[in-house]
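Novice: Predicted model and sequence follow; I will ask about them next.
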Amino acid sequence: MQPTIVLVHGAFANSFSFAPLQAELGLLGHRSVAVDLPGHGFQATYTHAYQAPQDPEGLAAAPGSIKGVTLADNVAHLVGILERAKRNGPVILVAHSRGGITVTAAANARPDLIDRLVYVSAWCPVRLDVGDYYAEPEMATVDPAAFASALTGNPAELGLLRVNFRTADPDSLTAFKAAFFADGTDEEFLTFLNTFQPDESLDVGGPADRAQAATWGRIPKTYIRLADDTSLPTALQDRLIREGNELTPDNPYDVHTLEGSHLKWLADPAPAARVLGGLATPPAPSAGA
């Protein structure tokens, strides 16, 4: 039966970012579904203060629909989609970036709904919580303070993380491009930036949401490394792969590497579509079978 490829976005993103990839997958003959996690896509909050001319004070204080959304909410939503997809055959669950946290927790909860996990430069915490990895040597090249000028409002008061992606501040834009899409043109970068939404939830999970050998560990899994990613450096990607393999040595990652930054694979999706298509295509029967 034809697999369904289920795509889960990262932070501040939504299903819209997968449109070019889905088009390429469709032209290769593969079925896919792009997920909007709770508070994302058409559930996101875009206030008048976010429009031009912007109202900085209003933007810093406006409530957001993603307030209170937890990782458990994300998992419950994703499991509902996986249950529907599984009725039609095998499911290949693909995560990008922060989406890996939700996918990992969903695999812990319902491994029976997933036939293969695919992480594309995505978080799959094994030994540490996500926040703790930022203090590790593999993340030493990442400077979260570089985005400070674009942060808006007090996360503790808003109950969410808000970033002004429509800023015209050159330092913020330079930092965004360097982190996410250094190998794209300025036009490609700004186009992608305008697909981002300003709000993201605060819950990135805890120890119980790390990969579990008894559940997550029994699902075949693939890691697609992004060789030029600076927001999730290859050193950290390789550490996550290594820790996952150590957790389940009898079920190691199938590893692929694509050239490009954190977002390049979505703007130029043909190479990734070929890899995903290969995973979705069963091997041809051997002669005499």
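Specialist: Ah, there it is.

Novice: What does the nearest residue to residue 240 once chain neighbours are set aside show for phi and psi?
Specialist: Computed as C-beta to C-beta, 6 or more residues apart in numbering, the closest residue to residue 240 that is not its neighbour in sequence is residue 124, at 5.1 Å. For glycine as for every other residue, the C-beta is placed from the backbone atoms N, C-alpha and C. Backbone torsions of residue 124, given as degrees, to the nearest 10, read phi -140, psi 80.

Novice: for residue 33, same thing?
Specialist: phi -130, psi 130.

Novice: surely it meets residue 18?
Specialist: No - Residue 33 lies out of contact with residue 18 (C-beta atoms under 8 Å); the separation is 9.3 Å.

Novice: joint contacts of the two?
Specialist: Common neighbours of residue 33 and residue 18, using C-beta atoms under 8 Å, 6 or more residues apart in numbering, are residue 7.

Novice: These two: which is more packed in?
Specialist: Using other C-beta atoms under 10 Å as the criterion, residue 33 and residue 18 rank with residue 18 on top: 23 against 18.

Novice: State the number of residues packed around residue 178.
Specialist: When neighbours are counted by other C-beta under 10 Å, residue 178 comes out with 14.

Novice: which residues sit in contact with it?
Specialist: Residue 178 makes contact with 146, 230, according to C-beta under 8 Å, 6+ apart.

Novice: Doesn't it belong to a helix?
Specialist: Yes - assessed by DSSP: H, G, I helix; E, B strand; the rest coil, residue 178 belongs to a helix.

Novice: how close does it sit to residue 11?
Specialist: Using C-beta to C-beta, to the nearest Å, residue 178 is found at 17 Å from residue 11.

Novice: What of residue 105?
Specialist: 15 Å.

Novice: what about residue 199, distance to residue 176?
Specialist: Counting by C-beta to C-beta - residue 199 and residue 176 are separated by 16 Å.

Novice: quick one: residue 171 and residue 149 touch, right?
Specialist: Yes - between residue 171 and residue 149 there is a contact under C-beta under 8 Å: 6.0 Å.

Novice: and for the two, which residues touch both?
Specialist: By C-beta under 8 Å, 6+ apart, no residue touches both residue 171 and residue 149.

Novice: Check the burial of residue 273 by counting its neighbours.
Specialist: 22.

Novice: Wasn't it part of a helix?
Specialist: Yes - membership of residue 273 in a helix is supported by three-state DSSP.

Novice: That one and residue 200, how far apart?
Specialist: 27 Å.

Novice: Output the contacting helices and strands for the longest helix seen in the chain.
Specialist: When the chain is parsed with DSSP state H, its longest helix is helix 71-86. On a contact count with 3 or more C-beta pairs under 8 Å, 6 or more residues apart in numbering; DSSP states H and E, helix 71-86 meets strand 4-8, strand 31-35, strand 91-97, helix 99-109.

Novice: Partner strands of the third one and their direction?
Specialist: For strand 91-97, the pairing partners within the sheet under DSSP bridges are strand 4-8 (parallel), strand 116-122 (parallel).

Novice: Take those strands and lay them out in CSV including mean pLDDT and mean neighbour count.
Specialist: What follows is these, written out as CSV (pLDDT from 0 to 100; neighbours: other C-beta atoms under 10 Å):
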stretch, mean pLDDT, mean neighbour count
strand 4-8, 98, 26
strand 116-122, 98, 26
